[in-house]
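Undergrad: Give me a 3D structure for the following:
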Amino acid sequence: MNTAQLIALRDGIPDNARLLRAGTTSSHAQRAELDVCLTGLAAEVPRTHLRTLLHSPLGVYVTHTEVLRDRVRVRFDIAPEDLAFTLHTLLATLPEAVIGSVQYHECEEAC
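TA: Next comes the predicted model:
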């Protein structure tokens with residue numbers, strides 16, 4: 001005769017906070033900075049690309065923009081686990097964007 005075993009809901013859901021505390025030596029979260037350059041033949045093209053980017057789901061990740069004569073530099077500040085989503089969405093939104101380097105840093109303030 002088989003007996004049913006009661007499983008509490010908490011048994012199937014990992015305690016992420018406990019796992020993070022156990023595997024993290026620093027209290028600061030790690031972030032990734034992604035640099036992207038928007039270019040165009042005419043001066044208004046990069047600005048149009050920037051407007052498109054800011055109105056896309058990636059707009060919330062933009063922390064710095066620098067408008068130059070023929071290009072716009074954009075810096076994203078993202079969580080490392082969001083990097084794949086960011087790159088996929090960026091290429092789908094603006095395939096002509098030039099993707100630069102990714103630099104990791106510790107987040108000093110509340111993220």
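
Undergrad: Mind checking which residue lies nearest the centre of the chain?
TA: residue 78 (3.1 Å; C-alpha atoms, centre = their mean).

Undergrad: That one against residue 29, yeah?
TA: No. The pair residue 78 / residue 29 is not scored as a contact, 11.4 Å apart, by C-beta atoms under 8 Å. (C-beta placed from N, C-alpha, C; glycine too.)

Undergrad: residue contacts, the residue lying closest to residue 104 once chain neighbours are set aside?
TA: Setting aside the residues directly before and after it, residue 104 is nearest to residue 32 in space (C-beta to C-beta, 6 or more residues apart in numbering), at 5.4 Å. Contact analysis of residue 32 by C-beta atoms under 8 Å, 6 or more residues apart in numbering lists 77-80, 83, 102-105.

Undergrad: just residue 89 next, same as before
TA: Shown in contact with residue 89 (C-beta under 8 Å, 6+ apart): 56-58.

Undergrad: What about those residues, which one has the most neighbours?
TA: residue 58 (23 neighbours; other C-beta atoms under 10 Å).
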